[in-house]
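> I would like the atomic coordinates for the input below:
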Amino acid sequence: MTLEVVGASKIRNQDVGDWDEEGNIKIARLGDYKMETCLAVHEIVEWTLCKSLGITDEVVTNFDADHLTFIGHEHHESGDCPLSPYSVPHKTATMVERLVAFFLGVSWEDYGKVIDSF
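Coordinates of the predicted model:
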């Protein structure tokens, strides 16, 4: 597994975090190491759970791309959609991410605003 902090333009599907089959994880540079840690934890947990459940990068990437083109979807993040093939890994990763944010003193509201600015 590798972790790289990059400019948001280097991440697929107009997102702030991404991973591939081999565990090459990229997260957007957020300008705050605590927020970047939260984001990295989310991607690591999501990748690990997807890998252990046999959910491939291709399945996730295709769903994300389809979700982005669906007009009127009510789920800001693809993984939050109940139809998402990686809904459970994504939601679990979000729970862990929120715990890390809490213990680092990161406001979830402020963190969300930073994420939404991309």
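> residues contacting residue 42?
Under the criterion of C-beta atoms under 8 Å, 6 or more residues apart in numbering, the contact list for residue 42 reads 17, 93, 94, 96, 97. Any C-beta I mention is one placed from the backbone N, CA and C, and that applies to glycine too.
> And for residue 50?
56, 60, 86, 89.
> wait, what's in contact with the last one?
The one in question is residue 89. 45, 46, 49, 50, 53, 55, 79.
> Recalculate using a threshold of 6 Å.
For residue 89, the contact set (C-beta atoms under 6 Å, 6 or more residues apart in numbering) comprises 46, 49, 50.
> go on, residue 104?
residue 34.
> any idea of the pLDDT on it?
If you check residue 104, the pLDDT there is 98.
> Just name whatever secondary elements the lowest-mean-pLDDT helix or strand in the chain is in contact with.
Least confident element among the helices and strands of the chain, by mean pLDDT, DSSP states H and E: helix 57-69 (a mean of 83). Where contact means 3 or more C-beta pairs under 6 Å, 6 or more residues apart in numbering; DSSP states H and E, helix 57-69 is not packed against any helix or strand.
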